[in-house]
Structure formats: structure tokens, C-alpha cells
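A.B. asks: Sequence and predicted structure below; questions after.
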Amino acid sequence: MRDAGLEQAIRAAGGVASLARAIGIAQPSVSSWSRIPAERVLAVEAFTRVERSVLRPDLYGSSNVSSKPEVDEIDQLRAAEYGLLSLLLGKAPDAGTLARVAQLKGDASELGMAHVELAMAAAAVDDRAASKEFFDLFIGLGRGELLPYASYYLTGFLHERPLARVREDLDLLGIERAGPSREPEDHIAILLEVMAGLARGDFEAEFAEQTRFFDRHLKPWAARMFVDLEMSGTAKFYRAVGRVGRVFMELEAEAFTLSE
């Protein structure tokens, strides 16, 4: 049974399918919700304009809002970067997603130039070609060109100790999975989504928890995976995604090291 906040969001969005498309997840995931997951509240609020205190009063009610620290601009930008990469690596982009990515702007920094390259790649591809590229890279007939899982990159096998460590830390952070997806939690898109939530302050966690989660679950392998994506001979659109991911992972690793 859906709670009142979720029902209001669905009405404001124009239906379950519209809400799912807007926040970049599958319709069955939204259909399975009884309430909006903590990590999705801000995205739903941005699309529906239903206030977060209505969507999840247990998290953003008057007793909670006053004690919740304000997220600064840098962390908002970091969260957006993690969210973008999670969206593009979690499923093939549809036409709407490609259109939004094509509007990215960039400055003269390495990450800014990577954004420009990604925008150009998005403008040059249609959703059908992007879906085929996603399938060939990450799914394939039997397996894709890349296996974007911590277990595989760190041990050479799936469902190994790195996956168990991710599950342990998700439990410690009080983060529960939402939706019917059975993708192992050490998939790069899931780890990036968690980091986006930590940067936004969606979870009750100190900044040190961001450092710990990044150091344990992304720093040892994510940049290497993005390099593999960037160097793929078959990737076109996703080669640009790989560049953005590599540069951003390097920047995050350096920033967390300096903050210690």
C-alpha cells in the first residue's frame, strides 16, 4: 500500500510511468514502492514540486528539517556528478536522458572538457544506438565487454568478498534496496548512487562516512573500470562517459586524501 507522499508524487507526475522516466529508473521499481526511498526524495521533489516534507515527513518533517545540515554547493555538484554517472551506467539512456546530457556545459578544466565531450557524444547518438552500445558493453550474449562490479575487478570473480563488504556497509548506513532489481550491490551504478546520497546528505552520516565508503568500495577499482570504458574500441557514447568517470574519480580520490 502506498503512503500519502508517494500517492501525491504520482498524481503530480502524471502517473507511475511518468515519474519513473523523470528520475531515470524502471517503472516496475516505482510500482513496487510503498513509500519513496530516502535516496530518491530530492529527485522526486525536483520533478513533481511536491515538498520533501510531504514526500517523506519522517525524514523531512519539522522536527527533522531543523536539525538537518544544509548541503553546500560543492557537495550538491558532487552529488549531481555521481547521480549522472549512476544513471548512465545503471541502464541504457532513453531519448530524454540523451537530450538532457547533450545540454551539459563545461569550462576549461579537465572535468569541464570531459563534460563538453560527453554532451557532443549525446547529441550525436540516438537512443537505439545508445541502447545497443549499452547492451554490448555491459550485458552481451553471455557477458558484456565489461563487468562493472567491484568483485570482478578486485578478485576476477563475481559475488566475492567485495560484495559482502558493500552489503555490510549498506547495513551500517541503514540503506535498504528499493525496487525489484536483483543486480548485486557492488555494481558501479549502485555504488555511485550511494555516494550521491551521501553527498546530498540523504542519510544520517558524517563526512567521514563518505571518505570511508569511497575508499573501500570505489577507489580501489572504479577509475580503472572507467579507463577500460574510455579505451574501449567498440564504445562511442560510452567512451565519453568513461572519460567523465575517470576524471571525476581521480578528483574525488585526491580531495578525500587532502581532507584526511
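C.D. replies: Looks like it arrived, so ask away.
A.B. asks: Only C-alpha atoms from now on, for both contacts and neighbour counts.
C.D. replies: Fine.
A.B. asks: any idea how far residue 33 is from residue 16?
C.D. replies: Per Cα to Cα, to the nearest Å, residue 16 is found 10 Å from residue 33.
A.B. asks: Which parts of the stretch 151-260 of the chain are helices?
C.D. replies: Applying DSSP state H, counting those that start in this stretch to the stretch 151-260 of the chain gives helices spanning 161-173, 188-200, 207-217, 222-230, 237-259.
A.B. asks: Mean neighbour count, the ones you listed: which tops it?
C.D. replies: Highest mean neighbour count of the helices of the stretch 151-260 of the chain: helix 188-200, a mean of 24 (counted as mean count of other Cα atoms under 10 Å).
A.B. asks: Could you list the domains of this protein?
C.D. replies: Split into domains by automatic domain parsing, the chain comes to 4-65, 73-259.
A.B. asks: Could you tell me the end-to-end distance of the last one?
C.D. replies: The reference is to domain 73-259. Domain 73-259: ends 17 Å apart by Cα to Cα.
A.B. asks: In terms of mean pLDDT, which of the domains of the chain ranks lowest?
C.D. replies: The minimum mean pLDDT among these belongs to domain 4-65 (a mean of 84).
A.B. asks: which one of residue 16 and residue 33 has more residues nearby?
C.D. replies: residue 16 (21 against 16; other Cα atoms under 10 Å).
A.B. asks: Just confirm that one contacts residue 27, I think it does.
C.D. replies: Yes: using Cα atoms under 8 Å, residue 16 is in contact with residue 27, at 6.6 Å.
A.B. asks: Let me see the backbone angles for residue 149.
C.D. replies: phi -120, psi 140 (degrees, to the nearest 10).
A.B. asks: Residue 33 against residue 5, yeah?
C.D. replies: No: if you go by Cα under 8 Å, residue 33 and residue 5 don't touch, sitting 11.3 Å apart.
A.B. asks: what sits against residue 56?
C.D. replies: Listed by Cα atoms under 8 Å, 6 or more residues apart in numbering, the contact partners of residue 56 are 5, 35-36, 38, 41.
A.B. asks: The closest residue in space to residue 34 that isn't next to it in sequence and residue 56, how far apart?
C.D. replies: Using Cα to Cα, 6 or more residues apart in numbering and skipping the chain neighbours, the partner closest in space to residue 34 is residue 2 (4.3 Å). Plainly put, residue 2 is 12 Å away from residue 56 if you go by Cα to Cα.
A.B. asks: count of neighbours near residue 100?
C.D. replies: Neighbour count of residue 100, defined by other Cα under 10 Å: 12.
A.B. asks: Quick one: classify residue 116 as helix, strand or coil.
C.D. replies: Using DSSP: H, G, I helix; E, B strand; the rest coil, the secondary structure recorded for residue 116 is helix.
A.B. asks: so how far is residue 245 from the closest residue to it other than its chain neighbours?
C.D. replies: Using Cα to Cα, 6+ apart and skipping the chain neighbours, the partner closest in space to residue 116 is residue 106 (5.4 Å). Here residue 106 is placed at a distance of 15 Å from residue 245 (Cα to Cα).
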